[in-house]
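>>> compute the structure for the input listed below.
(one chain, ligands or ions: 1)
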Amino acid sequence: MSQEDPAVDDRPSPGHRREAPPGRNGPARPAHRAAPGQETDGPAAAGAPRAGASFHEMWRDLAPIGRDTSTNGYRRYAWTQADTDCRTWFEEQARDRGLGYEVDRNGNQWAWLGDPMAGDAVVTGSHLDSVPDGGAFDGPLGVVSSFAALDELRARGARPVKPLAVVNFGDEEGARFGLACVGSRLTAGQLTREQAHALRDADGVSLPRAMERAGYDPDAIGPDPERLARVGAFVELHIEQGRALAARSGGGSAAAGAPVGVASAIWPHGRWRFDFHGEANHAGTTRIEDRRDPMLTYANTVLAARKKARLAGALATFGKVSVEPNGVNAIASLVRGWLDSRAADEETLAELVGEIERAAVERGRRDGVDVRVTRESFTPVVEFAHGLRDRLSGLLGGVPVLPTGAGHDAGILSASVPTAMLFVRNPTGVSHSPAETAAEDDCLAGVAALAEVLEGLACH
Ligand SMILES: [Zn+2]
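Below you'll find the model as predicted:
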């Protein structure tokens, strides 16, 4: 083992930065510090311990990057300037701590404490990109907590016997190119170079062109099994995207708090496009009984989806719709609605989507509307490694174990590496919105839990 002494000063002056191992993708980055932001909606530190202080400092530096001042939401889309600024921030965090910094062939960033080639590495991290007008916590909480947990281990004088790494996976949200988890999918071999090269953003810019503009080599991308073979465990900390932990600690019993939980599984989920074909006509002259109005069928399908999902204990959402010709005084000729549906198991999900489709077709018959359904994507259930999950739960004194309906890089990696997730309580459950928030104490509890887990996995 060629571990660095974890007790050494982890904040060398910028003039004494260590040379990092050569990256396999990406340009040399100029030293750059994010402009100090105004005080933000992030957790504030007051007399906090070392991990808390470093958490607060990182949060403050990252907060202004990519924030839209009109909505207060984040627009950190893959390979844009805001993304580049986040990535520069990550590199600085690595270098300032004397960690080995590298970018892998798919543009994911890694910060290493110890020898990346030694194998059986314990890796933690998340992502820094966002959905349109996303919140401050989804992604960054995991990355910031990972660095803070390393700081905590070093402050304790913990001595890892395995390499430790913090990772920032690229393009997790898929906000720009429409496919989530591109960085981890490529690495895990779940997305080919050809498929990735075919992705286009709304302006017609291809993924390879966008990578090139940001200074990366799009021809280098592809599966990276050797890298994943050197990872013994991956743990992703994430803000909970729901209220399971908050609900658990509610009910009038203030003592029964659960700021942190361990993930059991990610629900299977998918997207289906519903095409409702009717007949365009004049809104003012076409008799009601002569209409073939696809909007009517669509509206009934939305209601049916909601009712059937509730009865199945599952989720079904029409969140995107397009209308042709989209005129106020015209009966539509075509309505396209996109269904996002998720359930605890694949059978329930398949039954639910089948029922929604049948309801749409039956209603369409009454309305003279033709309905076609196309599955655009599907992600099977992810059961996180039971051994690792139980070990984490044990290390953390039996914290709650709960499933989630949201996809994550951890879900992608779980097919290749023993993977686990920690969730930090979200008091409102709101996510993918500027209103997303977490209490400072809960964030620091997350850091403490992650430090505990990393010590348990890497130091014994
Ligand atoms: Zn996320």
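>>> what about the nearest residue to P380 once chain neighbours are set aside, how many residues nearby?
Taking Cβ to Cβ, 6 or more residues apart in numbering as the measure, P380 lies nearest to P268, with 5.2 Å between them; neighbours along the chain are not counted. No exception for glycine: its C-beta is placed from N, CA and C like everyone else's. Neighbour count for P268, taken as other Cβ atoms under 10 Å: 21.
>>> quick check, P268 in contact with L352.
No - in this structure, P268 is not within contact of L352 by Cβ atoms under 8 Å, at 10.9 Å.
>>> now for those two: what residues contact both?
Each of A343 lies in contact with both P268 and L352 under the rule Cβ atoms under 8 Å, 6 or more residues apart in numbering.
>>> how about the residues of this structure by the ion?
Within reach of the ion by Cβ under 5 Å from the ion, the chain has these residues: 138-139.
>>> surely L245 and A258 touch.
Yes - using Cβ under 8 Å, L245 is in contact with A258, at 4.9 Å.
>>> following the strand or helix carrying E91, which helix or strand shows up next?
If you go by DSSP states H and E, E91 is part of helix 81-96. For helix 81-96, the following helix or strand on the C-terminal side (DSSP H and E) is strand 100-103.
>>> counting contacts, what elements does that following strand pack onto?
The elements that strand 100-103 packs onto, with contact taken as 3 or more Cβ pairs under 8 Å, 6 or more residues apart in numbering; DSSP states H and E, are helix 81-96, strand 109-113.
>>> mind checking how far the first one is from the chain centre?
When you say that, I think you mean helix 81-96. 18 Å (Cα atoms, centre = their mean, to the nearest Å).
>>> quick one: least confident helix or strand in the chain?
In the chain, no helix or strand scores lower on mean pLDDT, DSSP states H and E than helix 244-249, which sits at a mean of 82.
>>> related to what we said a few turns ago, pick the most deeply packed of the helices and strands packed on strand 100-103.
strand 109-113 (a mean of 25; mean count of other Cβ atoms under 10 Å).
>>> give the next helix or strand downstream of it.
The element immediately downstream of strand 109-113 (helix or strand, assigned by DSSP H and E) is strand 121-127.
>>> okay, the angle between the very next helix or strand once past that following strand and strand 109-113?
Next helix or strand after strand 121-127 toward the C-terminus (DSSP H and E): helix 140-156. If you take axes from the mean of the first three to the mean of the last three Cα atoms, to 10 degrees, helix 140-156 sits at 10 degrees to strand 109-113.
>>> can I assume E362 sits in a strand?
No - under DSSP: H, G, I helix; E, B strand; the rest coil, E362 falls outside any strand and is assigned helix.
>>> centre of the chain to stretch 357-375, how far?
Mean-position distance between stretch 357-375 and its chain equals 34 Å (Cα atoms, centre = their mean).
>>> likewise stretch 420-435?
Counting by Cα atoms, centre = their mean, stretch 420-435 is centred 11 Å from the centre of its parent chain.
>>> okay, how far is it across that stretch, tip to tip?
With Cα to Cα, to the nearest Å applied, stretch 420-435 spans 27 Å between its terminal residues.
>>> buried ones in that stretch?
Within stretch 420-435, the residues that qualify as buried by neighbour count (16 or more other Cβ atoms under 10 Å) are 420-426, 430-434.
>>> and which of these is nearest to S126?
Proximity to S126 was ranked across those by Cβ to Cβ; first place goes to M421, at 9.5 Å.
>>> name the helix or strand for that closest one, please.
strand 419-424.
>>> what angle separates that strand from strand 121-127?
Angular relation of strand 419-424 and strand 121-127 on a 0 to 180 degree scale: 50 degrees, by the same axes, to 10 degrees.
>>> which residues are in contact with the residue in the stretch 201-350 of the chain positioned nearest to the ion?
Using Cβ to the ion, H238 is the residue of the stretch 201-350 of the chain that sits closest to the ion, at 5.7 Å. Taking Cβ under 8 Å, 6+ apart, we find H238 in contact with 126, 138-139, 141-142, 408, 410, 421-424.
>>> next, the angle strand 419-424 makes with the host helix or strand of it.
Counting by DSSP H and E, the secondary-structure element that holds H238 is strand 231-239. Computed by the same axes, to 10 degrees, the angle separating strand 231-239 from strand 419-424 equals 20 degrees.
>>> tell me how far strand 231-239 lies from the chain's centre.
For strand 231-239, the separation from the chain centroid amounts to 12 Å (computed by Cα atoms, centre = their mean).
>>> strand partners of that strand, parallel vs antiparallel please.
Its sheet considered, strand 231-239 pairs with strand 121-127 (parallel), strand 419-424 (parallel) by DSSP bridges.
>>> could I get the full set of strands for the stretch 251-400 of the chain?
Shown for the stretch 251-400 of the chain, the strands assigned by DSSP state E, counting those that start in this stretch span residues 260-266, 269-277, 281-282, 315-324, 330-331, 334-342, 370-379, 382-383.
>>> most packed of those?
Buried most deeply of these, by mean count of other Cβ under 10 Å, is strand 260-266, with a mean of 23.
>>> packing partners of the helix holding E91?
Using 3+ Cβ pairs under 8 Å, 6+ apart as the contact definition, the elements that helix 81-96 packs against are helix 50-62, strand 100-103, strand 109-113, strand 164-169.
>>> how about a cut-off of 6 Å?
strand 100-103 (3 or more Cβ pairs under 6 Å, 6 or more residues apart in numbering; DSSP states H and E).
>>> partners of the strand it packs on, with directions?
If you go by DSSP bridges, strand 100-103 pairs up with strand 109-113 (antiparallel).
>>> related to what we said a few turns ago, orientation of the strand holding H238 relative to strand 164-169 in degrees?
Orientation of strand 231-239 against strand 164-169 (the same axes, to 10 degrees) gives an angle of 60 degrees.
>>> distance of the residue positioned nearest the centre of the chain from L303?
A centroid search over the chain (Cα atoms, centre = their mean) returns H408, at 4.8 Å, as the residue closest to the centre. Applying Cβ to Cβ, to the nearest Å, the value for H408 to L303 is 31 Å.
>>> out of everything not next to it in sequence, what's closest to L334?
Across the structure, with Cβ to Cβ, 6+ apart as the measure, the residue nearest L334 apart from its sequence neighbours is E324 (4.3 Å).
>>> roughly how far apart are the one you found and S377?
With Cβ to Cβ as the criterion, E324 and S377 are 23 Å apart.
>>> same check, this time on R291
33 Å.
>>> if we can go back for a sec, next structured bit after the strand holding M421?
For strand 419-424, the following helix or strand on the C-terminal side (DSSP H and E) is helix 440-458.
>>> and the contacts of stretch 201-220?
Surrounding stretch 201-220, the residues in contact under the criterion Cβ atoms under 6 Å, 6 or more residues apart in numbering are 25-27, 79, 84, 105, 107, 176-177, 196-197, 199-200.
>>> how about these in TSV, adding pLDDT and distance to A385?
Putting the contacts of stretch 201-220 into TSV (pLDDT from 0 to 100; distance: Cβ to Cβ, whole Å) gives the following:
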residue	pLDDT	distance to A385
N25	70	29
G26	59	31
P27	51	36
W79	98	32
T84	98	34
R105	97	25
G107	97	26
R176	95	31
F177	95	29
A196	97	27
H197	97	32
L199	97	30
R200	96	36
